[in-house]
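Novice: Fold the following and give me the result.
(one chain, ligands or ions: 2)
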Amino acid sequence: MEQGERRKFIELWWPRLKRMCVICFLLDEYWEDHHIWSCKRVKDELCRVGVKDWAVKKIQSKYETASCCYRCSRPGDMCEAAQVGLSQGCLEPDMIVPVVVMGWLVEEMGLKGIVEEVAGREIKDVHDLFGWMMRRHYERTLSYWGTRGFAVWVEMMMLNKKRFEEELGEEFESGSGCSDEEMKSNEEWDEESD
Ligand SMILES: [Zn+2]
Ligand SMILES: [Zn+2]
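Specialist: Numbering: from 1, shown residues only. Ligands and ions are numbered 1, 2, ... in the order given. Modelled structure (predicted):
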C-alpha cells in the first residue's frame, strides 16, 4: 500500500481510535466502555512482567532527543502541539506505547512477529522493548520522521485496517478527513522522497 494511502488511513482513524480501547478491540474483548489508559488488561499484563505503570516506564526509558512528541508519541510533525514547540501542552493520548507493548506481550493479538520484523532481531524482554522502541526509526513512517515504536504501531494498525473498517467503518462513510487535493500533494511528495 502506498504511503499516501496509509497516511490517510491513520490520520482519518486517529480521532476514533483514541476514544476506545484498541487493545481489547483487537482481542475481541469488551472494549467500548474504557480507554487504553484505564484498561485493566494492560495493567495486569504489564504487572506480570514487572512494569507497574507503562507511563512511568516510558518516562524512565527516555525518548531519543527530538525523536517525537513525548506525550502522544507521534512524530513531531504529526502533533499540532509539538509542531509549534509545545509538546508539553499536547493533550492527545499516547496510543502508541501501550499498543506496541501489548502487541509484543500478548501472543493472542498476533502482532509479536511485526515487532521483531521491524526490529530485525529478537526482543529479549519488556525492558529491551522499551529501550528499542524509543529510538528514532531509520526511515520515514507515513512520510514523517518518527520513532521505531511509531513505525511498528503503524504496521499493527495497517494489519488490522480491514477489521477497523468493517466493524467501525460506517461512521466514516459520509466523507473522508483528507481532500482529494491534499491526497494528490501527498502522493507527489511521496514520489519525490522515495
Ligand atoms: Zn482494554
Ligand atoms: Zn503530541
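
Novice: who's in contact with residue 46?
Specialist: Contact partners of residue 46, counting by C-beta atoms under 8 Å, 6 or more residues apart in numbering, are 52-54, 57, 101, 105, 126. To be clear about C-beta, it is placed using only N, CA and C from the backbone, and glycine gets the same treatment.

Novice: If you could redo that for residue 74, that was the one I meant.
Specialist: Contacts of residue 74 (C-beta under 8 Å, 6+ apart): 68, 82, 92, 96, 144, 146, 150.

Novice: Can you tell me the element it falls in?
Specialist: Secondary structure from DSSP states H and E places residue 74 outside every helix and strand.

Novice: Could you tell me the model confidence score at it?
Specialist: Looking at residue 74, its pLDDT reads 97.

Novice: Tell me how far it lies from ligand 1.
Specialist: As judged by C-beta to the ion, to the nearest Å, residue 74 and ligand 1 stand 21 Å apart.

Novice: Could you do residue 90 as well?
Specialist: Residue 90 is 22 Å from ligand 1, by C-beta to the ion.

Novice: what does stretch 27-39 rub up against?
Specialist: Against stretch 27-39 from outside (C-beta under 8 Å, 6+ apart): 19-25, 40-42, 93, 95, 98-99, 106, 108-109.

Novice: at 6 Å what do you get?
Specialist: Contacts of stretch 27-39 with the rest of the structure, by C-beta atoms under 6 Å, 6 or more residues apart in numbering, involve 20-21, 23-25, 95, 98, 108.

Novice: Of these, which is the nearest to residue 157?
Specialist: Ranked by distance to residue 157 (C-beta to C-beta), the contacts of stretch 27-39 are led by residue 95 at 9.3 Å.

Novice: ok, that closest one - how many residues close by?
Specialist: Counted with other C-beta atoms under 10 Å, residues neighbouring residue 95 total 23.

Novice: same question, the one 5 residues further on
Specialist: Burial measure for residue 100: 28 neighbouring residues, criterion other C-beta under 10 Å.

Novice: Okay then, goodbye and thanks.
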